[in-house]
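S.K.: make a model of this:
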Amino acid sequence: MTLYLLQLIVSFFFFVSPPAILVWAIRRWWRTTPRIGVPAWRSYLAVGAISFAALSELLWIISGFWARAIGGFHVYDPMLIWFVRFGFLAGPAGLLTSLFGKGLLRWPACGLSAVMTLLWIATGLSV
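M.R.: The predicted structure follows:
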């Protein structure tokens with residue numbers, strides 16, 4: 001029972017919270033005026049950071065559905081390696097971009113990118 005509860009908590013943290021954070025950050029940003037602050041290039045970096053985080057998360061979700069569809073990934077499966085490679089590149093890119101960004105999307109993008117980077121590292125180590 002305890003193991004099941006622990007698995008439920010961990011799966012909630014890894015599969016439900018990143019999309020919820022992404023939706024919350026984008027809705028928060030969308031409702032503010034002005035959306036792009038001064039200097040504009042730093043605000044665009046924050047938008048780019050949340051885009052990288054969303055791309056990494058999208059690859060994470062697609063890889064999960066893909067694994068379900070084909071019955072699971074095998075060791076050194078080319079699709080798994082492709083997902084891990086591009087997901088891992090998008091996660092740290094979002095983290096690095098968010099450090100130089102400015103605005104309401106900066107910190108949610110930083111946190112989400114850090115979580116996605118850790119998820120991709122864990123996935124890469126488990127291959």
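
S.K.: so where's this structure uncertain?
M.R.: Low-confidence segments of the chain, defined by pLDDT under 70: 1, 14, 33-37, 127.

S.K.: would you map the helices across it?
M.R.: With DSSP state H, the ranges of helices along the chain come out as 2-11, 17-30, 40-70, 78-100, 106-126.

S.K.: mean neighbour count for the ones you listed - can I get that in TSV?
M.R.: In this view, the C-beta of every residue, glycine as well, is placed from N, C-alpha and C. Output for the helices of the chain, formatted as TSV (neighbours: other C-beta atoms under 10 Å):
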stretch	mean neighbour count
helix 2-11	9
helix 17-30	14
helix 40-70	18
helix 78-100	18
helix 106-126	19
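
S.K.: what about Leu104, distance to Ser63?
M.R.: Leu104 sits 29 Å away from Ser63, taking C-beta to C-beta, to the nearest Å as the criterion.

S.K.: err, Ser51, not the other one
M.R.: Taking C-beta to C-beta as the measure, Ser51 falls 19 Å from Ser63.

S.K.: what of Ala20?
M.R.: 19 Å.

S.K.: again, but for Ala25
M.R.: Using C-beta to C-beta, Ala25 is found at 22 Å from Ser63.

S.K.: what's the answer for Leu112, then?
M.R.: Distance of Leu112 to Ser63, computed by C-beta to C-beta: 17 Å.

S.K.: do Gly91 as well
M.R.: 13 Å.

S.K.: now swap in Arg85 and tell me
M.R.: Arg85 sits 11 Å away from Ser63, going by C-beta to C-beta.

S.K.: what sits closest to Lys102 if chain neighbours are left out?
M.R.: Using C-beta to C-beta, 6 or more residues apart in numbering and skipping the chain neighbours, the partner closest in space to Lys102 is Arg42 (3.7 Å).

S.K.: wait, that neighbour touches Gly101, no?
M.R.: Yes - if you go by C-beta atoms under 8 Å, Arg42 and Gly101 touch, sitting 5.7 Å apart.

S.K.: contact partners for Lys102?
M.R.: By C-beta atoms under 8 Å, 6 or more residues apart in numbering, the contact list for Lys102 reads Gly37, Pro39, Arg42, Ser43, Leu45, Ala46.
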